[in-house]
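Enquirer: Return a 3D structure for these sequence lines:
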Amino acid sequence: MSTQQTGSRAAGPDIDEQIVTRGKGASSHARDFGPGFFVKLVLVAVVNALGVYGILAAAAVGSWGIVGFLAIALVLVDWVYFSRRMLPMKYLLPGLLFLLVYQLFVMGYTGYVAFTNYGDGHNSTKADAIAAIQVQTERRVEGSPSYPLTVLEKGGTLALAIVENDKAMVGTADQALAPADGATVESGRVTAVPGYTTLAFAQIAQRQDEITNLRVPVAADGSKGSLRTQDASTGYIYTPSTVYDAASDTFTDVESGTVYTPSAEGTFTAADGSTLNPGWRAGVGLKNFTTMFTDSRISGPFFKILAWTFAFAILSVATTFALGLFLAITFNDPRVRYRRLYRSLLILPYAFPGFLAALVWRGMLNPRFGFINEVLLGGHHVPWLTDPWLAKVSVLLVNLWLGFPYMFLICTGALQAIPGDVIESARMDGAGALRILRSMTLPLLMISVAPLLIASFAFNFNNFTLIYMLTGGGPNFEGSPILVGHTDILISMVYSVAFESGTKQYGLASAVSILIFVIVGTISWIGFRRTKTLEEL
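Expert: Residues are numbered from 1 along each chain as shown. Purely as a prediction, here's the structure:
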């Protein structure tokens with residue numbers, strides 16, 4: 001009896017443990033299907049729906065790299081957010097995906113573009129360039145008549161209809177002009193063709209680009225040119241002035257016999273150096289990097305902009321830090337009354353958006369009707385933004401107004417962190433105010449402020465907003481093939497080369513971007529290495 005009781009007592013804890021474990025499992029299972037689970041299910045479903053839509057859209061245009069990335073990302077999202085063992089990754093995965101897309105991919109793609117001729121005239125593949133050249137080199141057949149034309153549609157495919165020798169002729173991009181049985185002709189124009197829909201004016205307007213690019217062969221072998229239209233009402237016969245030979249991969253001018261062969265720079269080029277446009281995207285090695293130093297039309301403005309960028313960044317940090325430190329020391333003195341009020345007023349420029357403040361200053365510095373010239377200077381027309389040197393001074397002064405509150409704040413915080421007994425001991429030893437500032441305050445201050453000064457240098461080195469909004473980079477350099485000016489810095493030069501210089505040169509702009517990254521990265525690395533010596537004080 002006692003043995004049985006002992007056995008049942010020994011088995012009791014195991015049974016109780018199983019009951020507790022099952023209860024925990026049941027409660028855990030119940031928690032899995034609580035409100036939070038359904039919220040997560042809906043959110044992940046939305047992410048999957050957007051991802052699948054992105055996959056289908058990318059597949060439709062042949063972007064297989066995007067298809068692969070989205071597929072892998074969706075698998076990771078589903079696995080991480082429905083797995084009990086991936087709790088840390090639930091917080092890390094969104095950040096990692098955004099880091100990959102918006103940082104690493106952008107950096108890698110910029111590096112790739114820097115070694116290509118990507119830009120206007122070289123923005124697609126070689127096959128697209130060949131097709132474009134064939135279309136652009138077509139010329140209207142001399143003496144050919146004009147045809148009243150009708151635009152038709154069948155199954156989504158456009159067709160053109162004309163009347164020739166009192167016969168209605170219909171053709172598409174893939175089918176040459178052929179007689180249309182049963183067509184209706186009124187006043188020399190086809191009005192209806194069995195099996196086709198005649199497009200109205202509104203439909204023509206919606207598909208205008210397709211219609212103007214449509215080429216209908218006159219003969220099946222293409223020997224008689226093609227029918228085209230520019231206004232959807234009148235057609236003309238065009239023949240190509242250059243002929244492409246796929247076997248030799250060359251274009252030949254029909255009239256002069258000039259042969260254009262593909263070059264390594266992504267263009268069809270003749271022996272005399274003439275080219276056919278457009279070209280295609282191709283690798284050019286280090287050409288974009290060497291152009292900045294070897295092409296005299298670009299190297300002159302580039303070196304001036306490079307020197308001004310360094311001067312602007314260094315002077316901006318020096319002036320804002322000097323004024324911010326002076327004000328911080330002044331209002332850190334307990335003898336100054338209303339210190340809190342003054343500190344609040346001093347940070348007002350920091351509270352306004354930088355681009356808006358730059359626009360306001362641009363209006364105030366206007367040489368003809370600006371507030372500074374008309375009111376403060378009594379009507380004197382000082383060319384603040386049109387003279388090269390005054391424009392640079394204006395940029396530095398406006399940046400001083402925008403930047404000193406930040407330096408004032410960080411210097412105030414750093415000063416208040418310095419132990420008061422250290423400064424008091426120095427005073428008791430007979431040190432004057434300048435000696436305390438030079439030997440005690442500044443060394444202790446720089447321990448915490450130096451990394452922020454390096455960050456401020458990097459920010460001002462790429463301070464695109466101020467330059468673009470205040471001066472637009474002007475006044476411009478004369479004779480430069482790119483639209484850059486005396487107050488441009490490297491980052492605004494990148495924008496101008498890529499978007500505002502008439503011909504977009506993404507490859508050259510990417511090369512300048514890489515140069516900026518190398519310069520800022522190197523200076524920041526050296527600066528942070530030097531700050532370690534301050535920590536030993």
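Enquirer: Quick one: mean pLDDT over the helix or strand where Glu153 lies.
Expert: Here Glu153, judged by DSSP states H and E, is contained in strand 150-154. In this model, strand 150-154 carries a mean pLDDT of 94.
Enquirer: residues of that strand that come out buried?
Expert: Buried residues in strand 150-154, counted by 16 or more other CB atoms under 10 Å: 150-153. Using the backbone N, CA and C atoms, a C-beta is placed for each residue, glycine as well.
Enquirer: Ok, stretch 224-234 next?
Expert: Neighbour counts using 16+ other CB under 10 Å place 225-229, 232 of stretch 224-234 among the buried residues.
Enquirer: Kindly report the same for stretch 378-397.
Expert: Buried-residue list, stretch 378-397, by 16+ other CB under 10 Å: 383-385, 388, 390-392, 394-396.
Enquirer: Dump that stretch to CSV, keeping only the CA atoms.
Expert: These are the backbone C-alpha positions of stretch 378-397, laid out as CSV (Å, rounded to 0.1, in the frame of the first residue of the first chain):
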residue,chain,number,x,y,z
GLY,A,378,19.3,103.8,-49.2
GLY,A,379,18.7,102.6,-52.8
HIS,A,380,22.2,101.5,-53.7
HIS,A,381,22.2,98.7,-56.2
VAL,A,382,24.8,96.4,-54.8
PRO,A,383,25.1,93.2,-57.0
TRP,A,384,24.9,90.8,-54.1
LEU,A,385,24.0,87.7,-56.2
THR,A,386,25.3,88.7,-59.6
ASP,A,387,28.9,89.6,-58.8
PRO,A,388,31.1,86.4,-58.4
TRP,A,389,32.9,87.5,-55.2
LEU,A,390,29.9,89.3,-53.6
ALA,A,391,27.7,86.2,-54.4
LYS,A,392,30.2,84.0,-52.5
VAL,A,393,30.2,86.5,-49.5
SER,A,394,26.4,86.5,-49.6
VAL,A,395,26.3,82.7,-49.5
LEU,A,396,28.7,82.6,-46.5
LEU,A,397,26.7,85.3,-44.6
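Enquirer: Now that stretch: average pLDDT?
Expert: Stretch 378-397 carries an average pLDDT of 93.
Enquirer: Put the alpha carbons of stretch 59-71 into CSV.
Expert: Provided in CSV are the C-alpha atoms of stretch 59-71 (Å, rounded to 0.1, in the frame of the first residue of the first chain):
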residue,chain,number,x,y,z
ALA,A,59,8.4,41.0,-65.2
ALA,A,60,6.3,42.8,-67.8
VAL,A,61,9.2,45.1,-68.7
GLY,A,62,11.9,42.4,-68.3
SER,A,63,13.5,43.7,-65.1
TRP,A,64,14.4,40.3,-63.8
GLY,A,65,16.8,41.6,-61.1
ILE,A,66,13.8,43.4,-59.5
VAL,A,67,11.7,40.3,-59.8
GLY,A,68,14.3,38.2,-58.0
PHE,A,69,14.8,40.8,-55.2
LEU,A,70,11.1,41.1,-54.6
ALA,A,71,10.6,37.4,-54.6
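Enquirer: just to revisit the earlier point, going by distance to Ile130, which of the buried residues of stretch 224-234 wins?
Expert: The closest of the buried residues of stretch 224-234 to Ile130 turns out to be Ser226 (CB to CB; 16.2 Å).
Enquirer: could you list every residue that touches the closest one?
Expert: 138, 215-218, 237-239 (CB atoms under 8 Å, 6 or more residues apart in numbering).
Enquirer: repeat that with 6 Å
Expert: Each residue near Ser226 by CB atoms under 6 Å, 6 or more residues apart in numbering is listed here: 215-217, 238.
Enquirer: Likewise for Val75?
Expert: So Val75 contacts nothing (CB under 6 Å, 6+ apart).
Enquirer: you'd agree it is in a helix?
Expert: Yes: counting by DSSP: H, G, I helix; E, B strand; the rest coil, Val75 is located in a helix.
Enquirer: how far away is Leu346 from Phe331?
Expert: Computed as CB to CB, to the nearest Å, the Leu346 to Phe331 distance reads 8 Å.
Enquirer: before we move on, back to that, which of the buried residues of stretch 224-234 fall in strands?
Expert: Here DSSP state E is the test, and the buried residues of stretch 224-234 give 226-229 as lying in strands.
Enquirer: if we can go back for a sec, now the buried residues of strand 150-154 in TSV, please, with extra columns for distance to Gly473.
Expert: Listed next are the buried residues of strand 150-154 as TSV, based on distance: CB to CB, whole Å:
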residue	distance to Gly473
Thr150	52
Val151	47
Leu152	52
Glu153	49
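Enquirer: out of the residues you listed, who's nearest Pro94?
Expert: Checking those one by one against Pro94 (CB to CB), the nearest turns out to be Glu153, at 46.4 Å.
Enquirer: So what does the closest residue to the closest one other than its chain neighbours look like in phi/psi?
Expert: Excluding the flanking residues, the one nearest Glu153 by CB to CB, 6 or more residues apart in numbering is Thr197, at 4.9 Å. When read as degrees, to the nearest 10, the backbone of Thr197 gives phi -110, psi 130.
Enquirer: pLDDT score for Thr197?
Expert: Looking at Thr197, its pLDDT reads 93.
Enquirer: if I look at it, how far off is Gln203?
Expert: Thr197 is 9 Å from Gln203, by CB to CB.
Enquirer: Find the residue ranges of the stretch 1-150 of the chain scoring beneath the pLDDT cut-off.
Expert: Along the stretch 1-150 of the chain, the parts satisfying pLDDT under 70 run over 1-32.
Enquirer: For it, which segments count as helices?
Expert: Applying DSSP state H, counting those that start in this stretch to the stretch 1-150 of the chain gives helices spanning 2-32, 35-60, 64-81, 87-99, 105-114, 126-136.
Enquirer: Provide the angle between the direction of the second one and the direction of helix 64-81.
Expert: To tie it back to what came earlier, the one meant is helix 35-60. Orientation of helix 35-60 against helix 64-81 (axes from the mean of the first three to the mean of the last three CA atoms, to 10 degrees) gives an angle of 170 degrees.
Enquirer: So which bits of helix 35-60 are buried?
Expert: 44, 47, 51, 54-55, 58.
Enquirer: In the stretch 201-350 of the chain, what residue spans correspond to strands?
Expert: Along the stretch 201-350 of the chain, counting by DSSP state E, counting those that start in this stretch, strands occupy 216-217, 226-229, 234-240, 242-245, 250-253, 259-262, 268-269, 275-276.
Enquirer: Thanks a lot, see you next time.
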